[in-house]
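pasting the sequence and the predicted coordinates here, then a few questions.
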2 protein chains.
Amino acid sequence: MRGGADEGESLSRGRAQTVRMRLHNNDQPHMKLATLKDGTRDGTLIVVSRDLKHAIKADDIAPTLQAALDDWNYVSPQLTDRYDALNRAPGSRAFDFDARQCASPLPRAYQWADGSAYLSHAERLRKARGADLPKSFRSEPLMYQGGSDAFLGPCDDIALESEDWGIDVEAEIAVISGDVPMGTPAKKAGEHIRLLLLANDVSLRNLAPAELAKGFGFFQSKPCSAFSPVALPPEELGPSWDGGKLNLPLVVQVNGEILGRPTAGVDMTFEFPRLIAHAARTRPLAAGTIIGSGTVSNADQSAGPACIAEKRALEASAGGEAVTPFLKFGDRVRIEMFDAEGNSLFGAIEQQVVRYTPHR
Amino acid sequence: MRGGADEGESLSRGRAQTVRMRLHNNDQPHMKLATLKDGTRDGTLIVVSRDLKHAIKADDIAPTLQAALDDWNYVSPQLTDRYDALNRAPGSRAFDFDARQCASPLPRAYQWADGSAYLSHAERLRKARGADLPKSFRSEPLMYQGGSDAFLGPCDDIALESEDWGIDVEAEIAVISGDVPMGTPAKKAGEHIRLLLLANDVSLRNLAPAELAKGFGFFQSKPCSAFSPVALPPEELGPSWDGGKLNLPLVVQVNGEILGRPTAGVDMTFEFPRLIAHAARTRPLAAGTIIGSGTVSNADQSAGPACIAEKRALEASAGGEAVTPFLKFGDRVRIEMFDAEGNSLFGAIEQQVVRYTPHR
């Protein structure tokens, strides 16, 4: 899968070659992992080739991604070996990789904690309703606890009862951690990052204000989140990953049109190690904890937003009316990130919003 | 384990006999379940005798409690059979039940959503700081998403870095659900309740105000929660469970002194089916979801509170100063519930607060 040429041009040819070289460093775990739907709650762990064309089962190494994370130091070298073999030659046990057959890498997780690390996102949403950003937002990460018991697969429908809820996409970067001891400082938190992936933190904008006013944070305004088909360790990202953030544009589309392509490495006030340290301040984090960046957002408006609410806020702040509608049934969203050469790194989150009718 | 005689006297002898009779209804799953620490992340599922004296492994039926919940209709009759056999005669494979060897029934869970169903709790805490209860609190449950990746065992230490955080106990009732479809109405939500248990939703009172002011709810102010050693299905409770709430006193002690013994079936504005429906409004709940009642609290002050903050609020509201201190290192808390005959139903949550020193 190839993105627009300008992603490739944004990094020099020399840097792209460094990326390739680094990807062959066998000292660090390198792999692309996904979870195949198989009718069970946790699916089957598979290894995916670097070009996302082939895959091979890895359930003999670890039955599920959670099982792999539970025993990462033992399991990850074996996954790396299988990945290297798959990339050399697919072999007879390999099959075509199809993101539509995938569950979320962790179909259910023990923790999903989502930060709000890009302050221009928070600032724009507040400005549109006439509020300033509290000063504490610049010194202390904002984070909410999300539901993690039932994630949507990367190509699963976003099924909801009502368009009136203000259905929105929120495109984010997320990391999956190993075990993080309570009180781990930011300077040591980075070493607990096992995998990165993309997230669609689906939000119901019209339910949020009443919930936030009650003071206990989001609940109904955050339905099931979705994640990219593929999760990968930092080593797969070469210099695009600087140990704290991922410096590539995140391409967000609605119905085939670009909504925005903000760069995830720009304007991230609180980097991932800081977010992990915040989450682990008063309790340990168990392996398989997913920590989100919050909606990626750049101060430079020309990048465009990674959620509709921010686009509407910009429209309203420009003195006009917020004209871009939230998502309707039938609308499609796509979230993807490309490397310096234009190759999709994580595969695409590609979802359609559909009507859900509950049985009452 | 026997509680004070007055619990037994609070229900008539005839009613107590009905309880016993109902407990032998084999049409409904009945059992007491716990999880033995075994060095793994999820422990070993065990069945505990009704009198909490004996236990027997059940990992041949389902390796873990989560596995049992994932396949409840198939597994629960087998657990009931083993429970009946254990109660008839312990047998050679049984061993003495010891809550100190137990992990939380679900050592890690995919969801922990905690309501605030007893409005006198919220009202007192707000009144103490001069705020009224918003009207919406009476029509719509308040609920926050809690961390569920690492629960404390029922007798595990509450290890925290600082007494200055305002360490408090919050004694609650909780239910564990099966799969709940999105949009399930309250009138149908009760049928998804699989198990009940007690909770200590440990809270850091001095961290909460700044977190709530930021609008995203609790995070650092809610460290690891603990649950009772035993979880049991509604059938075990006889008429004390009316389908929506559990009508027995919850006995809370600090350092061996009664803090309070509010009755969980009194003043519960939002019953469990309502709380489940609230949680499932915009997303399904996966099997193993734990839904908490919030701190049990009665409008009748003579019952005493189930958390220190409420005691302090009552002291302040009475025109004096809040004199009862929050928990200090070395302090012990105990949470337990007794049936009509004074027998401990769930075993006791019995924890000590200790100092934790992070490695920085």
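Arrived safely.

tell me the secondary structure for A:Asp27?
Put simply, A:Asp27 is coil when judged by DSSP: H, G, I helix; E, B strand; the rest coil.

then A:Ser221?
Once three-state DSSP is applied, A:Ser221 turns out coil.

so it is in contact with A:Val202, correct?
No - with contact defined as C-beta atoms under 8 Å, A:Ser221 and A:Val202 do not form a contacting pair (9.8 Å). C-betas here are computed from N, CA, C, even on glycine.

list the contacts of A:Ile291.
Contact analysis of A:Ile291 by C-beta atoms under 8 Å, 6 or more residues apart in numbering or on different chains lists A:Ala113, A:Asp114, A:Gly115, A:Ala174, A:Val175, A:Ile176, A:Ser177, A:Phe272, A:Leu275, A:Ile276, A:Ala279.

err, A:Phe151, not the other one
A:Ala103, A:Ser104, A:Leu106, A:Pro107, A:Arg108, A:Ala109, A:Trp112, A:Cys224, A:Ser225, A:Ala226, A:Phe227.

max pairwise distance over these: which two?
A:Ala103 and A:Trp112 (14.9 Å; C-beta to C-beta).

so which of those two has more stuff around it?
For the pair A:Ala103 and A:Trp112, the greater number of neighbours falls to A:Trp112 (30 against 26), based on other C-beta atoms under 10 Å in any protein chain shown.

surely that one and A:Gly288 touch.
No - taking contacts as C-beta under 8 Å, A:Trp112 lies outside contact range of A:Gly288: 10.0 Å.

number of nearby residues for the residue nearest to A:Glu170 when sequence neighbours are not counted?
Nearest residue to A:Glu170, sequence neighbours excluded (C-beta to C-beta, 6 or more residues apart in numbering or on different chains): A:Asp201, at 4.1 Å. Residues contacting A:Asp201 under the criterion other C-beta under 10 Å number 26.

any idea how far A:Asp201 is from A:Phe227?
Counting by C-beta to C-beta, to the nearest Å, the separation of A:Asp201 from A:Phe227 is 10 Å.

nearest spatial neighbour of A:Ala299, skipping sequence neighbours?
Nearest to A:Ala299 is A:Ser120, by C-beta to C-beta, 6+ apart, at 4.7 Å.

tell me where the stretch 101-250 of chain A has helices.
Taking DSSP state H, counting those that start in this stretch to define them, one finds helices in the stretch 101-250 of chain A at A:119-128, A:186-189, A:208-214.

so can I have CSV of these showing mean pLDDT?
Shown next, in CSV, are the helices of the stretch 101-250 of chain A (pLDDT from 0 to 100):
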stretch, mean pLDDT
helix A:119-128, 88
helix A:186-189, 98
helix A:208-214, 90
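
packed most tightly, which of those helices would that be?
Comparing the helices of the stretch 101-250 of chain A by mean neighbour count (mean count of other C-beta atoms under 10 Å in any protein chain shown), helix A:119-128 ranks first with a mean of 20.

off-centre distance for that one?
21 Å (C-alpha atoms, centre = their mean, to the nearest Å).

swap in stretch A:245-257?
11 Å.

show me which positions of that stretch end up buried.
Buried residues in stretch A:245-257, counted by 16 or more other C-beta atoms under 10 Å in any protein chain shown: A:Lys245, A:Leu246, A:Asn247, A:Leu248, A:Pro249, A:Leu250, A:Val251, A:Val252, A:Gln253, A:Val254.
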